[in-house]
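Engineer: Fold the following for me, if possible:
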Amino acid sequence: MAASVAANEMYCFEAGNIYTGNVDDRIKVRSDIVSYSQTWTTQATPLNITGDIDIHGYSGVHGILTINPEMILETDPGFEIRIGNSVYADRIGGILADDVTFRGVADSANAWFGIRIRKYSYGDSNRFDNCTFQNGSYGIYAEDNSSFQVNNCTFSGNSIAASVLGNEMYCFEAGNIFTSNDDDRIEIRSDVVSNSQTWTAQSTPLHLTGHLDIHGYAGVISILTIQPGMIMEADPAVEIRAGNQIYANRIGGIMADNVTFRGDTDTPGAWFGIRMRQYSYADSNRFDSCTFQNAEYGIYADDNSAFHIYDCTYTGNEIAASVLGNEMYCFEAGNIFTGNVDDRIEIRSDVVSNSQTWTMQTTPLHLVGDLDIYGFNGITSILTINPGMILESDPGNEIRIGNAIYADRIGGIMADNVTFQGSSDTVDAWFGIRSRVYVVGDSNRYENCTFKNGEYGFYAENGTIFYIGNSTFTGNSMASSVLANEMHCFGCGNYYADNTDDRIELRSDVIDTSQTWTTQNTSLYVTGNLTVYDYGGTSHLEIQNGCDLEFAAGTSFSIGSGVYGDRHGSLTATGVTFTGDVQIPGSWNGLLFRNYADSPNCHLDRCIIEYAGNGNYGNIWCENTSPLISECVIRHSSNYGIKTSSAGATPNVFDCSIISNDIGVYCLGNSQPVIGGAAGNSNDISGNTTYGVQNVSSGITVDATYNWWGDASGPYDPDGMIEVPPCDDPADDLNADGLGDNVTNYVDYCTWSETPLSDAPSLFDLLSPAQGDTLRDLIVTFDWEPGIDPTPGDTVRYIIEISSSAGYEPENTLTIENLENTVHRTEAGDLNDDTRYWWRVTAFDTQDHYTNCNQQDWYIDTYVIEAPVDFDLLTPGNTETVMVTSPVMTWEEANDPDPGDTVVYTVYLDDNTGFIDADSMETSETGIYPPFCTPGTNYYWKVKAADSFGYITWSDVFNFYLHPDAGPRPPLWITITTQSDDILLEWEEVPGADSYNVHHSNDPYSGFTLLQDNVTSQEFLHEDALITFDQHFYYIIAEDTDLRCWQNLSNEEIKITRHKTK
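Structural biologist: Next comes the predicted model:
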């Protein structure tokens, strides 16, 4: 053996020793404590460590062991080199090693234990540079709270390359190599990362064998920054937890860019995943371009957590992510979900209590519980859901807007092109959307949305307000259900198909506010009595053309109150069908214009009223009121087509078809309707079983002249009691030869019409899209009023023409014929983007009678909003070294596909990948100069291109390094003005410039001399310059007094020429 010493004596070997020809040329180093600082000089032979070595001092004296380069330490089996002490705080030690090899005697894993770093080690003097750790159980094993630095080292041939607690991983710096170990990874044992730190990218994954918590204590925030390229692999059930769920003073966050978080094995559920906790620090809890893999959950967010995730990938997990509803806003743009057992984001039951926006994700959201949207204590919560989102709910769940009890809990949803559907593609797969009383109507809007697979597509409670337009209801049990006073909330363009019941259920209600019911492409199913009146005023209801109301058995529709004189109501209905849910006479009660209906504002025009008359009602009952009834079809009543009662009932009925009732018109109580009454106002009164017109009030004559009674011979009147001139025989008081409907006494039916009414479909209007509308979707629902055909049994069909030319040339026109409904929905490929289309509709009946719509020049414009196109950053190039402290930043133009749209760019610049405190600069150009950048700093930058609609496209992230010798750039603009014989030069302030030097010449190419140095402002007055010379040329140098000067690289001189006058 060449030599043998205790470890504390190894410093005694100085330089120049030679070891040769010994049985063992090594120096044997026996177990010892290196108790005071010393240096081991490089020897020409390895050191053979034959027992444990401890490095620490005593009584607060540090023991720092410096090992010179190229030393080799070979340790016998089972032994270790220990730095510091685990128990006594006054026994502190450290190793300073550069280019040192630590290895076992045998060239195999577990040939020795390895380096053990203990709690009381001295971090600043515990450093390994360019070292090799070989053949140990561990290359390095770090105990709790130890501190060290490892840089450019190699770990080879060990069982496990290294093992540290989570709070010590920052000690591994750059350039380390891990190769040929049984496990090349760095083992991370369960710990709390309690101090903000950065984990430098390593060339090997980190192996998490226990939970990792990131939070500080006592209000100190702990932020873990993980550098790009890191891979973290976790054992089964292990979690990475950001923040704390219980203690508000334990706050933490993770800043990760291009980091992979995955399981130890490549199977779903191989670890738990990332867990965000309540007391996490949102602004520093960001994941950018990361991968979450093989977990139970890629991300799992506890209650009230906050974070930001964008451009990340979720793959191979059981569930891609799981959050409470109030946290969904944390998912930003660009995330990818693929190859998970469930690619969806799970949304757990919650109250969305703060206004927020849910950014479009490339996967559906899976609602596993009820979702409420409202604030607390009077704060309004509005949930904005971006276009393209899909929300899928489990059975029995519902999305509830607002609160039904507490007036200070107000909410709303703003959704455009969003799909709300069940988790399975079956009816009743979930409850549906429920809108409650305390909502913000203007912020409870659904446009271009789809409601699918619910018990109800949309269910509205009493007093709620909302707007639904251009939306689709499909696959639901009942398309929608609202109280009648809320029906006005449905706008134009809605589409109902393939629901078990495509109708909108109207529940019993008092319509006490004036409103308009917009045409829907479905019937309204009235399940309870409807009443129109205001309490202490007048409520007016307008029902637009094309609405069909189907009434359940025994229900009625009352206008005004029959008892209370302060409850007035009115109804205007054009082109509306009032019918029974079951189309048999008497299946519902009918329309009732009551005592306190506001008659002057009551008008039924081109309506169909049928299958009523239950009890003592008729299709229409005018109780002491006088609505205007024109061009209507009144048919199939089990009692009366029209019933009038009391002297105040004097309705004007003209151009109507009163057919196939038991009694066409029934008059009692001295009522006196005008039925026809003038040429051009003829009605068709025919096919009524008992009477066409029956008047039971003696002494009151009802005017029923100029009507068609079903035959040219007029009505059948065998018992007439009054003369009815001008008949053929003025003395004749009966018409026993009439073959038309029966009439009673006190009905004036002369003169009658001897020809039937015209039976072409009635005139009708286009409804939606409205004239000149700009549409954001190429799937368009065209809607129009029905053309009412008075001929019994006649069928009306429609032709729609949609053309890209106002002249409807065939080659530019899409024509759809034989449509049975008053709606047509285009298919993909029918329409092109950014195009003007004209449209018109023609109605025709079975006898080929045609009627054109009233509007022949309506057009729409298609304009589907698209984000700016992808674009690249140009300068500085990625990883470029830059020599100016305000370098020009340029990028490609992000053209917007939308005609006339404009793009604004926002440039973000920061010295970290999370862009936590980024400088932001806005411009409409494709280049900008940033503020001062610090020499010797690595900068990251990216650009956001946003159009006028808020659609965004992001660039990639580039980084550049600012050279330590970088100086200020030259001024970019210089202006000159003359002041008498003086010249004033002004220029921009250059970031980082302390002063400026002005150079001058009278020749543009030579002769420049320093005119003035150390100019600390951005202007200089060249006095008397124009007295002797007419031409002047200048350039300006920006100077940084701490660095070298930086010349005006533009090399553009400023020329002044004096113009003399004669």
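Engineer: List of residues touching the helix or strand Glu801 falls within?
Structural biologist: Assigned by DSSP states H and E, Glu801 falls within strand 797-803. Strand 797-803 is contacted from outside by 782, 784, 787, 808-809, 812-822, 824, 826, 830-831, 837-845, using Cβ atoms under 8 Å, 6 or more residues apart in numbering. All C-beta atoms are positioned from the backbone trio N, CA, C, and that covers glycine.
Engineer: Among those residues, name the buried ones.
Structural biologist: Among these, those buried by neighbour count (16 or more other Cβ atoms under 10 Å) are 782, 784, 787, 808, 813, 819, 822, 824, 826, 831, 837-845.
Engineer: Can you give me the domain assignment for this structure?
Structural biologist: For the chain, automatic domain parsing gives the domain ranges 1-189, 510-748, 776-862, 873-967, 974-1057.
Engineer: Among those, which comes closest to Ala415?
Structural biologist: With Cβ to Cβ as the criterion, Ala415 lies closest to domain 776-862 of the domains of the chain, at 13.5 Å.
Engineer: and that closest one, average pLDDT?
Structural biologist: In this model, domain 776-862 has an average pLDDT of 91.
Engineer: now stretch 671-678
Structural biologist: Mean predicted confidence for stretch 671-678 is 96.
Engineer: List the buried residues in that stretch.
Structural biologist: Buried-residue list, stretch 671-678, by 16+ other Cβ under 10 Å: 671-677.
Engineer: Spell out which two among those are the most distant pair, please.
Structural biologist: With Cβ to Cβ as the measure, no two of the buried residues of stretch 671-678 lie farther apart than Ser671 and Gly676, at 16.1 Å.
Engineer: Assign a three-state SS to Leu592, would you?
Structural biologist: The three-state label given to Leu592 by DSSP: H, G, I helix; E, B strand; the rest coil is strand.
Engineer: wouldn't it be in contact with Phe557 here?
Structural biologist: Yes: with contact defined as Cβ atoms under 8 Å, Leu592 and Phe557 form a contacting pair (6.8 Å).
Engineer: re the thing from before, show residues contacting whichever helix or strand comes after the strand holding Glu801.
Structural biologist: Sequence-wise, the next helix or strand downstream of strand 797-803 (DSSP H and E) is strand 813-819. With contact meaning Cβ under 8 Å, 6+ apart, strand 813-819 is reached by 797-805, 824, 830.
Engineer: Using CSV, list the CA coordinates for strand 813-819.
Structural biologist: Written as CSV, here are the backbone C-alpha positions of strand 813-819 (Å, rounded to 0.1, in the frame of the first residue of the first chain):
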residue,chain,number,x,y,z
THR,A,813,-79.1,30.7,-57.9
LEU,A,814,-79.9,27.9,-55.5
THR,A,815,-83.6,26.9,-55.8
ILE,A,816,-85.4,24.6,-53.4
GLU,A,817,-88.9,23.6,-54.3
ASN,A,818,-91.9,21.9,-52.7
LEU,A,819,-91.1,23.0,-49.1
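Engineer: how far out from the middle of the chain is it?
Structural biologist: Chain-centre distance of strand 813-819: 36 Å, with Cα atoms, centre = their mean, to the nearest Å.
Engineer: Name every strand pairing with it and say which way it goes.
Structural biologist: Sheet pairing of strand 813-819 (DSSP bridges) gives strand 797-803 (antiparallel).
Engineer: Any regions of this protein where pLDDT drops low?
Structural biologist: 720-733, 758, 792, 1041-1062 (pLDDT under 70).
Engineer: wait, what's in contact with the spatially most central residue of it?
Structural biologist: Against the mean C-alpha coordinate of the chain, by Cα atoms, centre = their mean, the closest residue is Asn386 at 2.5 Å. Counting by Cβ under 8 Å, 6+ apart, Asn386 touches 357-360, 416, 418.
Engineer: Please repeat the previous calculation with a cut-off of 10 Å.
Structural biologist: Counting by Cβ atoms under 10 Å, 6 or more residues apart in numbering, Asn386 touches 333, 357-361, 414-418, 950-951.
Engineer: Out of the residues you listed, the closest to Gly378 would be?
Structural biologist: Once Cβ to Cβ is applied, the member of these that ends up nearest Gly378 is Met414, at 19.8 Å.
Engineer: Which strand residues bridge that closest one?
Structural biologist: Thr384, Arg445.
Engineer: do the same with Asp717
Structural biologist: In beta-bridge terms (that is, DSSP bridges), Asp717 pairs with Asn735.
Engineer: Between Leu592 and Phe557, point out the one with more neighbours.
Structural biologist: Phe557 (27 against 24; other Cβ atoms under 10 Å).
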